[in-house]
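S.K.: sequence? don't have it. structure:
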């Protein structure tokens, strides 16, 4: 029997529904779709970093990282990153930010990735989720 | 050697292509994208519950659950739920339904979740897939 | 300690960012989103097969397969296939191609699948990623 553990970094706003920001069970860790919300302030609604793609992307990656760390993982354990953008024209800039970020946060082979263009709630330019496989 | 087993609940319509409604291999169970089709009636085309988001969402969740059960799993084993909506304006109502449903179907930490807004075939308002990790 | 290994078939163009076409760690293999790019030609930009959906779909499936093989897997190990199309009207034709392909490339239960309709970069009609669980 291996427990499924909810991962809830203190910096994160309460999810808007009955889901976890991340869960770990055994050596599998799944991060829920993260957006560029700034660290939660009690009594205030979630506020995205921004307004630029750069600010939202880096905040979103930081939010994913906080969940990985809460579960005892690092980016090195991540197998798959799903990037959801709202605009094909953001692809090149997101890739540049992505490279800049991972040059500093990765010592192993980079994760696989899929990027698609979808609708997101107003004001959000990017959403990212991640699947990690830990060593043990 | 661990077999990959197709999971095909009797209530489900035949997939429109060479894929399985769910598969299990070892302790990993993957549920294919489910929509709100009512239980299959032989000789008739698949018909979605509806027309409301409420009816489609609850039917979709029931369809996912049937596959989990076919594979010996429950919602408690689910690590990740992907929700595809067609309209950002459906988010709040879907969340309310989601909470209502999982208050009755969950004893462990809730799964992680990603919700994005995509196109779906005409008449469909929601699609959901799920990844579960079983205890053994 | 199990290493995460990047899977980079010789036929593939360099990813446009710091991600891997596929990664394997232990018995989990994740294939990144593949599109219908023809085998890479040094010094030339990636070029999609086409212009038909048929050509792009079969090339995309071949590109996924190359990554599976690079990681010691086959389609039989695949648990989940995510298909991203840009046009709902392509669903029936994609399914026909999908069936035709997998009748020749599968000896076990078919993988689960989710198909949604999203935006993709200009000229691309389909993107596919895959999650495999190997026997050992």
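M.R.: Sure, I can see it. Treat the numbers as computed from the prediction; the structure is a model and nothing was measured. Residues are numbered from 1 along each chain as shown, chains lettered A, B, ... in the order given.

S.K.: which residues of chain A fall in helices?
M.R.: For chain A, the helices defined by DSSP state H cover A:53-70, A:91-103.

S.K.: Buried residues, the last one. List them.
M.R.: For helix A:91-103, a neighbour-count test (16 or more other Cβ atoms under 10 Å in any protein chain shown) marks A:91, A:94, A:95, A:97, A:98, A:101, A:102 as buried. In short, each C-beta sits where N, CA and C put it, glycine included.

S.K.: Kindly report the same for the first one.
M.R.: Buried residues in helix A:53-70, counting neighbours by 16+ other Cβ under 10 Å, are found at A:53-68, A:70.

S.K.: which residues are contacting that helix?
M.R.: A:7-9, A:11-12, A:21-22, A:29, A:31-32, A:34-38, A:48-50, A:74-75, A:77-78, A:90, A:93-94, A:97-98, A:101, A:105, A:124-130, A:132 (Cβ atoms under 8 Å, 6 or more residues apart in numbering or on different chains).

S.K.: ok, back up a step: mean pLDDT for the helices of chain A - can I get that in CSV?
M.R.: Output for these, formatted as CSV (pLDDT from 0 to 100):
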stretch, mean pLDDT
helix A:53-70, 98
helix A:91-103, 97
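
S.K.: Reformat those helices as CSV; add distance to residue A:114.
M.R.: Shown next, in CSV, are the helices of chain A (distance: least, Cβ to Cβ, whole Å):
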stretch, distance to residue A:114
helix A:53-70, 15
helix A:91-103, 13
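
S.K.: nearest to residue B:84, of the ones you listed?
M.R.: Of all these, it is helix A:53-70 that lies closest to residue B:84, at 19.7 Å by Cβ to Cβ.

S.K.: now the angle between helix A:91-103 and the closest one, please.
M.R.: Interaxial angle, helix A:53-70 versus helix A:91-103 (axes from the mean of the first three to the mean of the last three Cα atoms, to 10 degrees): 40 degrees.

S.K.: dump the residue contacts of the spatially closest residue to residue A:95 that is not a sequence neighbour.
M.R.: Nearest in space to residue A:95, with sequence neighbours left out and distances taken as Cβ to Cβ, 6 or more residues apart in numbering or on different chains, is residue C:17 at 3.9 Å. Applying Cβ under 8 Å, 6+ apart to residue C:17 gives the contacts A:95, A:98, A:99, A:113.

S.K.: how about a cut-off of 6 Å?
M.R.: Counting by Cβ atoms under 6 Å, 6 or more residues apart in numbering or on different chains, residue C:17 touches A:95, A:98, A:99.

S.K.: measure the closest residue to residue A:57 other than its chain neighbours to chain B for me?
M.R.: Using Cβ to Cβ, 6+ apart and skipping the chain neighbours, the partner closest in space to residue A:57 is residue A:97 (4.7 Å). Look at residue A:97 and chain B: by Cβ to the nearest Cβ, to the nearest Å, they are 20 Å apart.
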